[in-house]
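J.: Quick one: sequence and predicted model below, then my questions.
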Amino acid sequence: MVNIPIRFQREWIDGLKTRIQEDGPWNNRELFRLAWEAEQAMAVSDFHELQCLRHLPRLQPLPHQIETAHKVIQEMHGRALLADEVGLGKTIEAGLVMKEYMVRGLVKKVLILVPASLVVQWVRELNSKFSIAAAAQKREYMWTQYDVIVASMDTAKRPPHREIILGQEYDLVIVDEAHKLKNKNTKNYQFIQEIKKKYCLLLTATPIQNEIDELYNLITLLKPGHLGQSAHFQESYVEGKRQVKNNETLKNELKKVMVRNRRADGRVEFTQRHVITVPVDLSPEEAALYEGVTRFVQEQYYNEEVHYKNPLALITLQREVCSSRDAAFITLANMHNRAPEDSPVRGHILDLVEILKKVETNTKAEKMMEIIKESDDKIIIFTEYRATQEYLQHFLAEHGVTSVLFRGGFKRGKKDWMSQLFEQRAQALIATEAGGEGINLQFCNRLINYDLPWNPMRVEQRIGRVHRLGQTRDVYIYNLATRNTVEEKILRLLYEKINLFEMVIGELDAIIDHLYLNRSLEKNVVDILLGSKSEREMEIKMDNLSQVIQSVHKTIQLDTQRSDSLEGAILP
């Protein structure tokens, strides 16, 4: 017979005696009640409900977003193509799916691949709305040390990042702008195909752009074999590149892997956008400064001996005069310090500084003040220049208007603090271009473009801070433009001719992307403004540029109509 040693643990006896003597906590009614309520709060009454909603105090998802997340988890088992139309919140839907899987303990390691311009926005959305500790990839070690990483596709597919990613296993992979994976022969497509992943979400507003095969490639990347082999798919569903057969059968198959919400369904309505152009007449002193700077800019641009290496700096000086004397002074001072001591440029700059000293008013700031006083509502003021930003804060304070600053040099915590101060206390937020990215300010519905950037994409980003999903009021946009200056030319010859402010959310993105102008549009405008020998030549060139943009817009609209027709035939 085997002897089995038995050992008694007696450490608990002393604790029990103490509780008996002190009438321990088991009969404390208040503690029992709290424990009971805690258990009730944590209880899962229905496993099919989204448990993450109780963990999202800073987010109120719309019904169609909750329904989409539920469908992806319960019916599509975490592999889905989210194909909502632009502006309906695909990012929120993806965040809900991710958070739900995390709450259930099914997802920990997540890779999110997005366009480079959206990396910071994704990180902020996940951190602020979903309390998910996402990080933007900046260093090589971050691929392995962070559980939730957001990176650009271009960075991820390059060595050595590619090898590190392919060497890991991910619980969830999310790809934004997934229509760029439509060609199965590209490196992007093959890279995503090779990543080891349990769940996968592809996000795109345009699942079909040109051919039905593009949709097949996306679905195959998501769920290989779901639509059969390529030959079988062609035989079963394709009549031509843009014609299908067995529509209903194909729709039923797509319903198993794709969700597409449309504006036309009436679930979401965007408020109206009202655009008001506010002309500003410069004072005689401001006009004299502008004319002096314009002559200086032209002389420097055409002076072959000087041959100014940075024409953008010259034209920026011209624009700064339209903004504030403070901004212009700083640029003039920098140019003076950089010029050689024996350069005649120094003398010209000092002459301009003397003219600048005579400017004692800012007519544009006064016009801005008139707009602000029309209502007690909160208002966002966008300027291009930090010196103008600080001047405007001082100007508003003198007129009894509270304001906060928002700019790129602030750290994340300070930006969040400024946004909170604006929402709860200050009437105005004065932002440089950093305010056009990553933050949502739907509680505000008035915006002043104190300075207009030359890239229309940046204007759309500004407007997108207030005119977006969740905005309940009409949005009012005031564009200040000084008469007879470069600022007025840009507004009249570019923005108004392409009807920028009337475009549907997301339209301009497609136009700029189609033109490959995202990086070079400002350079094209500078070349036109400085390279034109006369006002008439400038107008003709600007008109040509706006006509090109209009032509591309029409082409995209026709393609969209054809795609809508095809989508209506096959998409669920």
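T.: Okay, I see it. The structure displayed is predicted, hence computed values, not measured ones.
J.: how far away is the nearest residue to residue 281 once chain neighbours are set aside from residue 159?
T.: Distance criterion Cβ to Cβ, 6 or more residues apart in numbering; nearest residue to residue 281, sequence neighbours excluded, is residue 483 at 5.5 Å. Using the backbone N, CA and C atoms, a C-beta is placed for each residue, glycine as well. Residue 483 sits 55 Å away from residue 159, going by Cβ to Cβ, to the nearest Å.
J.: Mind checking which of the two has more residues around it?
T.: Comparing residue 483 with residue 159 by other Cβ atoms under 10 Å, the one with more neighbours is residue 483, at 11 against 7.
J.: dump the residue contacts of that one.
T.: 279, 280, 281, 282 (Cβ atoms under 8 Å, 6 or more residues apart in numbering).
J.: Most neighbours out of those residues, which is it?
T.: Using other Cβ under 10 Å as the neighbour test, the contacts of residue 483 are led by residue 282, with 22 neighbours.
J.: pLDDT score assigned to that residue?
T.: Per-residue pLDDT puts residue 282 at 94.
J.: Mind telling me what element residue 172 is part of?
T.: strand 169-175 (DSSP states H and E).
J.: buried stuff in that strand?
T.: 170, 171, 172, 173, 174, 175 (16 or more other Cβ atoms under 10 Å).
J.: Okay, the closest residue to residue 190 other than its chain neighbours and residue 468: tell me how far apart.
T.: Closest residue to residue 190 apart from its sequence neighbours, by Cβ to Cβ, 6+ apart: residue 184 at 7.8 Å. Distance of residue 184 to residue 468, computed by Cβ to Cβ: 34 Å.
J.: on that earlier part again, any chance of TSV for the buried residues of strand 169-175, columns pLDDT and distance to residue 31?
T.: Converted to TSV, the buried residues of strand 169-175 look like this (pLDDT from 0 to 100; distance: Cβ to Cβ, whole Å):
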residue	pLDDT	distance to residue 31
170	97	43
171	96	38
172	97	39
173	97	45
174	97	43
175	95	49
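J.: right, and the pair among the residues you listed with maximum separation?
T.: Using Cβ to Cβ, the two most remote members of the buried residues of strand 169-175 are 171 and 175, lying 14.9 Å apart.
J.: coming back round to it: redo the buried residues of strand 169-175 as JSON lines? Include distance to residue 258.
T.: What follows is the buried residues of strand 169-175, written out as JSON lines (distance: Cβ to Cβ, whole Å):
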{"residue": "170", "distance to residue 258": "21"}
{"residue": "171", "distance to residue 258": "21"}
{"residue": "172", "distance to residue 258": "18"}
{"residue": "173", "distance to residue 258": "17"}
{"residue": "174", "distance to residue 258": "15"}
{"residue": "175", "distance to residue 258": "14"}
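J.: Out of these, which comes closest to residue 32?
T.: residue 171 (38.4 Å).
J.: from what I can see residue 450 touches residue 395, true?
T.: No. Taking Cβ atoms under 8 Å as the definition, residue 450 is not a contact partner of residue 395, at 11.0 Å.
J.: Can you pick out the residue with more neighbours from those two?
T.: Higher neighbour count among residue 450 and residue 395: residue 450, with 25 against 19, using other Cβ under 10 Å.
J.: quick one, phi psi at the residue nearest to the more buried one when sequence neighbours are not counted?
T.: Distance criterion Cβ to Cβ, 6+ apart; nearest residue to residue 450, sequence neighbours excluded, is residue 383 at 4.6 Å. The phi/psi pair for residue 383 (degrees, to the nearest 10) reads phi -130, psi 160.
J.: What pLDDT is listed against residue 383?
T.: At residue 383, pLDDT is 94.
J.: where's it relative to residue 171, distance?
T.: Distance, residue 383 to residue 171, using Cβ to Cβ: 44 Å.
J.: check which helix or strand covers the residue nearest to residue 190.
T.: Going by DSSP H and E, residue 184 is not part of any helix or strand.
J.: tally of neighbours for it?
T.: By other Cβ under 10 Å, neighbour count at residue 184 equals 17.
J.: so what's it scoring on pLDDT?
T.: For residue 184, the predicted pLDDT is 86.
J.: give the contact list for it.
T.: Contacts of residue 184 (Cβ under 8 Å, 6+ apart): 190, 217, 220, 221.
J.: Please identify which helix or strand holds the third one.
T.: Same thing as residue 220. helix 212-222.
J.: picking up where we left off before, out of the contacts of residue 184, which are buried?
T.: Buried among these (16+ other Cβ under 10 Å): 217, 220, 221.
J.: Can I get those residues in TSV including pLDDT and distance to residue 296?
T.: Shown next, in TSV, are the buried ones among the contacts of residue 184 (pLDDT from 0 to 100; distance: Cβ to Cβ, whole Å):
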residue	pLDDT	distance to residue 296
217	89	56
220	90	61
221	91	57
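J.: from these, which is closest to residue 555?
T.: residue 217 (23.4 Å).
J.: Not counting its neighbours along the chain, what's nearest residue 487?
T.: In space, residue 487 is closest to residue 322, 4.6 Å off (Cβ to Cβ, 6+ apart).
J.: For the one you found, give me its contacts.
T.: Here residue 322 is in contact with 290, 364, 451, 482, 485, 486, 487 (Cβ under 8 Å, 6+ apart).
J.: one more time with 7 Å, if that's ok
T.: Neighbouring residues of residue 322 by Cβ atoms under 7 Å, 6 or more residues apart in numbering: 482, 485, 487.
J.: could you dump these to a markdown table with distance to residue 41 and pLDDT?
T.: Putting those into a markdown table (distance: Cβ to Cβ, whole Å; pLDDT from 0 to 100) gives the following:
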| residue | distance to residue 41 | pLDDT |
| --- | --- | --- |
| 482 | 59 | 92 |
| 485 | 62 | 88 |
| 487 | 57 | 84 |
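J.: Let me see the mean pLDDT of stretch 141-160.
T.: So the average pLDDT for stretch 141-160 ends up being 93.
J.: what's the first-to-last distance across it?
T.: Counting by Cα to Cα, to the nearest Å, you get 11 Å between the two ends of stretch 141-160.
J.: contacts for it?
T.: Residues from elsewhere that reach stretch 141-160, judged by Cβ under 7 Å, 6+ apart: 108-116, 119, 122-123, 132-137, 140, 161-162, 164-165, 187-188, 191.
J.: ditto for stretch 108-119
T.: By Cβ under 7 Å, 6+ apart, the list of residues contacting stretch 108-119 reads 98, 122, 136, 147-154, 156, 165, 170-177.
J.: Tell me where the model's unsure across the stretch 201-350 of the chain.
T.: The stretch 201-350 of the chain contains residues with pLDDT under 70 at 209-210, 240-244, 264, 266-267, 302-313.
J.: what about the strands in it?
T.: 238-240, 243-244, 258-259, 273-280 (DSSP state E, counting those that start in this stretch).
J.: between these, which one is nearest to residue 87?
T.: The nearest among those, by Cβ to Cβ, is strand 273-280 at 12.4 Å.
J.: Neighbouring strands - and their directions - for the closest one?
T.: Paired with strand 273-280 in the same sheet, following DSSP bridges, are strand 475-482 (parallel).
J.: in the stretch 401-550 of the chain, which spans are strands?
T.: 403-406, 428-431, 446-449, 475-482.
J.: Looking at those, which one is packed in the most?
T.: strand 428-431 (a mean of 26; mean count of other Cβ atoms under 10 Å).
J.: Could you list the residues in contact with that one?
T.: Residues from elsewhere that reach strand 428-431 (Cβ under 7 Å, 6+ apart): 372, 379-383, 389, 392-393, 396, 401, 403-407, 422.
J.: Could you check how many residues crowd around the residue nearest to residue 316 when sequence neighbours are not counted?
T.: In space, and not counting its chain neighbours, residue 316 is closest to residue 331: 6.7 Å by Cβ to Cβ, 6+ apart. Using other Cβ under 10 Å, residue 331 has 21 neighbouring residues.
J.: surely residue 331 meets residue 320?
T.: Yes. Counting by Cβ atoms under 7 Å, residue 331 does reach residue 320; the two are 5.7 Å apart.
J.: per-domain residue ranges of this structure.
T.: 63-265, 273-279+362-567, 283-357 (automatic domain parsing).
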